[in-house]
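Visitor: task: produce atomic coordinates for the following.
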Amino acid sequence: MDLRAWLLDAQSDLRTRLFRQVIDVVPTQRWTEQVDGGGSSIAWILLHLARHQDLAITTAIRNHPPLYLAHRDVLSLADAPTSAGIAEREDAAVASAPSPEALVTYVDAVFRATHEWTEKLSSMALDSIPDTARRLEQLALLDPTEFDWMFTMWGAKTVGWFVQWPAIGHAQNHVGEALSVRNRMGLSPF
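Guide: This next block holds a predicted model:
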């Protein structure tokens, strides 16, 4: 199997599990529920997962403004900071703002853009190091002092790292988290 095929399969599997095992199973009226009185809600996990993948692929690698900026109005987050959804800790006001339909549209747009980019990926590009700090600050409108952890963690990393960690590994962790939330809601299909 070639690397591009493996990456496409991994991304497709993530999207399929997220949609079939979480989005299609958990009633939308429960998406902002914090199970057991804490932790992340389904809405927050969806937004957070998409924001990181969007920043990694669209902005850090492809040198474009994140798709999030074009979706902010529809997500009812036009007045929220441009950093909404990035932190690990849930902001209940941000998580509850988007309609489920708008949130799914954004998540789907991010997965679709990642898939389309990966289809054209050359393995030679994986070793290149993008100018991440400039791109996050100028294109994503993120404050390097507010997100020093991200600027530090994502600095001087290769395209391969962005594909491996924020787009696949980080997303995989949060799909697992969403499955756990679903199960704690008593909605496990097993």
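Visitor: so, low pLDDT: which residues of the chain?
Guide: Confidence mapping of the chain against pLDDT under 70 gives the ranges 1.
Visitor: tell me which residue is most central in it.
Guide: residue 50 (2.1 Å; CA atoms, centre = their mean).
Visitor: now do the SS call for that residue.
Guide: helix (DSSP: H, G, I helix; E, B strand; the rest coil).
Visitor: residue 2 and residue 152, how far apart?
Guide: 33 Å (CB to CB, to the nearest Å). Using the backbone N, CA and C atoms, a C-beta is placed for each residue, glycine as well.
Visitor: more crowded one of the two?
Guide: Neighbour count, other CB atoms under 10 Å: between residue 2 and residue 152, residue 152 has more, with 11 against 8.
Visitor: distance from the chain centre to the helix or strand encompassing the more buried one, please.
Guide: In this assignment (DSSP states H and E), residue 152 forms part of helix 148-154. Remark: helix 148-154 is offset 16 Å from the chain centroid, using CA atoms, centre = their mean, to the nearest Å.
Visitor: in it, which residues are buried?
Guide: Neighbour counts over helix 148-154 (16 or more other CB atoms under 10 Å) mark 150-151, 154 as buried.
Visitor: which helix runs longest in the chain?
Guide: Under DSSP state H, the helix in the chain containing the largest number of residues is helix 100-119.
Visitor: returning to that earlier point: from the contact counts, what lies against the helix holding residue 152?
Guide: helix 132-138 (3 or more CB pairs under 8 Å, 6 or more residues apart in numbering; DSSP states H and E).
Visitor: ok, and what's touching the helix it packs on?
Guide: 55, 59-60, 63, 142-144, 147, 150-151, 154-157 (CB atoms under 8 Å, 6 or more residues apart in numbering).
Visitor: try 7 Å
Guide: Contact with helix 132-138 is made by 55, 59-60, 63, 142, 144, 151, 154-155, 157, as judged by CB atoms under 7 Å, 6 or more residues apart in numbering.
Visitor: which of the residues you listed fall in helices?
Guide: Among the contacts of helix 132-138, the members falling in helices (DSSP H) are 151, 154.
Visitor: now that we have the contacts of helix 132-138, which one has the most neighbours?
Guide: Ranked by the number of neighbours (other CB under 10 Å), the contacts of helix 132-138 place residue 55 first, at 29 neighbours.
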